[in-house]
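S.K.: Fold the following and give me the result.
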Amino acid sequence: MTRMITTLVIASAAVLFFAQNAFAFRCDSSVISTGDFIDIVISKCGEPTASRVVREEVFGSFGDTATKEGPRRTFREGTFAKTVEQTEVLTYNCGDGRLIHLLTFEGGRLTRIKTEGYGSGPTRCD
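M.R.: Numbers count the residues shown, from 1 in each chain. Okay, here's the model as predicted:
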């Protein structure tokens, strides 16, 4: 009897551990997986329940620079090429008794799928 209880506890712990992070998410008969682009995910799954930008990084470099000399100072003149990379999280609430999925995109590509408890409301994500 205690062996059966121990096995049940270990199996339950394993399910809870592995349920937190997933590598694929099913919605509207499509499978979404890491590496997919954000516009493909939205076209397959529809608009998310919520979305937010959690981080924005700006990268840049100067090009076509020239040194200019003015009265009592020297300065550089040129162009600045800027690149903005966002980390965005889309939330899909799949409805009553179904999981909530958080999809994290970095630079427009899906990098992580995480489940966040059970949702509420009408059924979605079929």
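S.K.: Contacts only, for T91.
M.R.: 48-51, 100-103, 116 (Cβ atoms under 8 Å, 6 or more residues apart in numbering). (Glycine included, C-beta is placed from N, CA and C.)
S.K.: State the distance from it to A81.
M.R.: 33 Å (Cβ to Cβ, to the nearest Å).
S.K.: Touching stretch 32-52 from outside, list them.
M.R.: Against stretch 32-52 from outside (Cβ under 8 Å, 6+ apart): 23-28, 30, 88-93, 100, 103, 105, 108-113, 124-125.
S.K.: Quick one: end-to-end length of it, please.
M.R.: The first and final residues of stretch 32-52 sit 19 Å from each other (Cα to Cα, to the nearest Å).
S.K.: Check which residues of that stretch are buried.
M.R.: 32, 36, 38, 41, 45, 48-49 (16 or more other Cβ atoms under 10 Å).
S.K.: and the spatially most central residue of the chain, what element?
M.R.: Most central in the chain under Cα atoms, centre = their mean is T104, positioned 0.7 Å from the mean C-alpha point. T104 is part of strand 99-106, with elements assigned from DSSP states H and E.
S.K.: With just CA atoms, put whichever helix or strand comes after that strand into CSV.
M.R.: Next in sequence after strand 99-106, counting helices and strands by DSSP H and E, comes strand 109-118. Extracted C-alpha coordinates of strand 109-118, given in CSV (Å, rounded to 0.1, in the frame of the first residue of the first chain):
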residue,chain,number,x,y,z
ARG,A,109,10.3,34.2,-32.7
LEU,A,110,8.7,31.9,-30.2
THR,A,111,11.3,30.9,-27.6
ARG,A,112,9.2,29.6,-24.7
ILE,A,113,5.8,28.1,-24.0
LYS,A,114,4.7,28.0,-20.4
THR,A,115,1.4,26.9,-18.7
GLU,A,116,0.1,29.1,-16.0
GLY,A,117,-2.8,27.4,-14.2
TYR,A,118,-6.4,27.0,-15.4
